[in-house]
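# Take a look and give me a structure for this.
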Amino acid sequence: MKLNFLNRKVHYWASIIIAIPILIVIVSGILLQTKKQFAWIQPPELHGAGKSPSISLAQVLEISKTVPEAQIKTWNDIHRLDVRPSRGMLKVWSKTNWEIQIDTETGTILQTAYRRSDIIEAIHDGSFFHENIKLFIFLPAGIILLILWITGIYLFVLPIWVKRRHKK
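Modelled structure (predicted):
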C-alpha cells in the first residue's frame, strides 16, 4: 500500500506543478491542429497559374519589396521561402511574420496576410518565452506529464488487477 500512497501523492503534486505549462501546450496545440481551418492562424494556400517556377529569386525579392507590411528590403528581411510547384506558387515569410504568396509563373501576388502559426508554435514549445524556459520548464513539464500518464495508468489498472486476483 505504500507504493499506492506514494503514487497518488506524486500524481497529485506533480499535476499542480505542471498545470500552467501543460495548459499552454494544450491550448496552443489545439490552435496548431486547426491552423489550416482558420485563416486567422495561417493564411490559406492559393493556386497559381503554372506548375513549374518561371520567375527568378531576384524577381521574388523585388516582388516582396512591394508589400509594405512585410518590411522587406533585402534577403536578410526574409525568414524563409516555401516553394509549392504543384500549386504554382511560393510563399515568402518575412521576419515580421507576414506571408506573401506569389504566382511562380506570372509573378503576381496572390495574397498577403499575417501569419500567426509560427508564433503559436513558439508558444507551444516554450521558445517564445525564452530558450531557458523551453528547456527548464516546458521540457520537465513534458517529462512530468509522461510520469503522470504512467502513474495514472497504474492507478487505473491496479483495481482491475486486484479484483481479478481476488476472483481466482
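
# okay, CA-based contacts and neighbour counts for the rest of this
Noted.

# Roughly how far does the spatially most central residue of the chain sit from residue 86?
Ranked by distance to the mean C-alpha position of the chain (C-alpha atoms, centre = their mean), the top residue is residue 121 at 3.0 Å. Here the criterion is C-alpha to C-alpha, to the nearest Å. By it, residue 121 lies 26 Å from residue 86.

# quick revisit: which SSE is the residue nearest to the centre of the chain in?
When elements are defined using DSSP states H and E, residue 121 is found to belong to helix 117-125.

# Please state the offset of that helix from the chain centre?
Its chain's C-alpha centre and that of helix 117-125 lie 5 Å apart, by C-alpha atoms, centre = their mean, to the nearest Å.

# Packing partners of it?
Judged by 3 or more C-alpha pairs under 8 Å, 6 or more residues apart in numbering; DSSP states H and E, the packing partners of helix 117-125 are helix 19-33.

# Buried ones in the helix it packs on, by neighbour count?
21-22, 24-25, 28-29, 31-32 (16 or more other C-alpha atoms under 10 Å).

# Remind me what it packs against, helices and strands.
Of the remaining helices and strands, those touching helix 19-33 by 3+ C-alpha pairs under 8 Å, 6+ apart are helix 117-125, helix 139-167.

# Export these as JSON lines, with columns for mean pLDDT and distance to residue 100.
As requested, the helices and strands packed on helix 19-33 are exported to JSON lines (pLDDT from 0 to 100; distance: least, C-alpha to C-alpha, whole Å):
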{"stretch": "helix 117-125", "mean pLDDT": "94", "distance to residue 100": "15"}
{"stretch": "helix 139-167", "mean pLDDT": "88", "distance to residue 100": "34"}
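
# okay but residue 32 is in contact with residue 116, surely?
No - contact between residue 32 and residue 116 fails when scored by C-alpha atoms under 8 Å: they sit 9.8 Å apart.
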